[in-house]
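Chemist: Predicted structure and sequence below. I'll ask about it afterward.
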Amino acid sequence: MKIGENEIFFTDTGGDKPALLMVHGIMMSHAVWKNQVTEFADTHRVVAVDLRGFGASTTTNPETTFEEHRDDLIAIVDALGLRDVSFIGWSM
């Protein structure tokens, strides 16, 4: 998904189920959630994101702030029309 000048990668199991937004820790990618995505996909719509500059996502600014990451996540939630999202993450 293009957000500004950056391409933000995410996986989405789709469907009309309660949403889980999974965000990796520093120096990781969406791939760390592989087992959890598989486990929760039957009961939840699972979205696993690569933050700017990590995994398959790009960044035009290597000094990305937490606020910019937050804004990217909000843009993804809004673009996918997710409501009552449970956020799962660690590290940062």
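Modeler: Ah, there it is. No experiment lies behind these values; they were computed from the predicted model shown.

Chemist: which residues does the residue nearest to the spatial centre of the chain form a beta bridge with?
Modeler: In the chain, the centroid-proximal residue (C-alpha atoms, centre = their mean) is V49; its distance is 2.3 Å. For V49, the beta-bridge partners are F10, V23 (DSSP bridges).

Chemist: gap between it and K2?
Modeler: For V49, the distance to K2 equals 14 Å [C-beta to C-beta, to the nearest Å]. C-beta coordinates here come from the backbone N, C-alpha and C atoms, glycine included.

Chemist: Check T60 too.
Modeler: 12 Å.

Chemist: same deal with L21?
Modeler: 19 Å.

Chemist: ok, those two, which is more surrounded?
Modeler: The neighbour comparison of L21 against K2 (other C-beta atoms under 10 Å) goes to L21, with 20 against 9.

Chemist: Name the SS class of that one, please.
Modeler: What DSSP: H, G, I helix; E, B strand; the rest coil gives for L21 is strand.
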